[in-house]
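Enquirer: Sharing a model prediction with you, sequence too.
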Amino acid sequence: PTARILGTPERYVDRGSTINLTCIINFNPNSRTENFWYHDNKVINYDNRDSRVSVITDRGSVTKTILLIHDAHDAATGTYSCVPSPSATATVRIHILNETPAAMQTNKGSGLVGLGPPLPLLVWPLTAVLISTPLTALTSLI
């Protein structure tokens, strides 16, 4: 079999968010074979009910296994591997961003409280149109 984790091989994730790693396994002659997820070369135990980790697996001619890590924190940083067999391994490196909510709400230069950093210039005209357009005109677009 071959294994591939969707997305980029290096990812930056906000603290407290959910990490979603999807592994696609092709050419698996025995689709009943257990697929293991590793974190820094240690098997991840996702059978614990209180765990922040869960796995969803959809077996077939192409097997898809999804590793979900809820409420990401510093310990979630590291290399994750999807290993359907000793000959097929896919890896991704996760980095947890340590910005605090207070730091993310400084709004420097935006002039708007609670909206975060300034929006790109292309978004401002659209925002102005949406704010100035009557609600009845917007519902006709839906």
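Expert: Here it is on my side, so go on. Numbers count the residues shown, from 1 in each chain.
Enquirer: Please count neighbours and contacts with C-alpha atoms only from this point.
Expert: Will do.
Enquirer: Am I right that Ala75 is in a helix?
Expert: Yes. Assigned with DSSP: H, G, I helix; E, B strand; the rest coil, Ala75 falls within a helix.
Enquirer: Quick one: neighbours of it, just the number.
Expert: Taking other CA atoms under 10 Å as the criterion, the count of residues near Ala75 is 8.
Enquirer: Run through the strands of the protein in chain order.
Expert: For the chain, strands defined by DSSP state E occupy the ranges 2-5, 10-14, 19-26, 36-39, 42-43, 53-58, 63-69, 78-85, 88-97.
Enquirer: And the second one, what's buried?
Expert: Taking 16 or more other CA atoms under 10 Å as the basis for neighbour counts, the residues of strand 10-14 that come out buried are 13-14.
Enquirer: now swap in the first one and tell me
Expert: By 16+ other CA under 10 Å, the buried positions in strand 2-5 come out as 3-5.
Enquirer: low pLDDT regions in the chain?
Expert: By pLDDT under 70, the weakly predicted segments of the chain are 28-33, 49-50, 99-142.
Enquirer: returning to that earlier point: just put the buried residues of strand 2-5 in a markdown table and tack on distance to Arg15.
Expert: Formatted as a markdown table, the entries for the buried residues of strand 2-5 read as follows, by distance: CA to CA, whole Å:
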| residue | distance to Arg15 |
| --- | --- |
| Ala3 | 27 |
| Arg4 | 25 |
| Ile5 | 21 |
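Enquirer: which among these gets closest to Asn48?
Expert: Checking those against Asn48 with CA to CA, the nearest one is Ile5 at 23.7 Å.
Enquirer: how about the nearest residue to that closest one, chain neighbours excluded?
Expert: Counting by CA to CA, 6 or more residues apart in numbering, Cys23 is the residue found nearest to Ile5 once chain neighbours are left out, at 4.2 Å.
Enquirer: No more questions from me, cheers.
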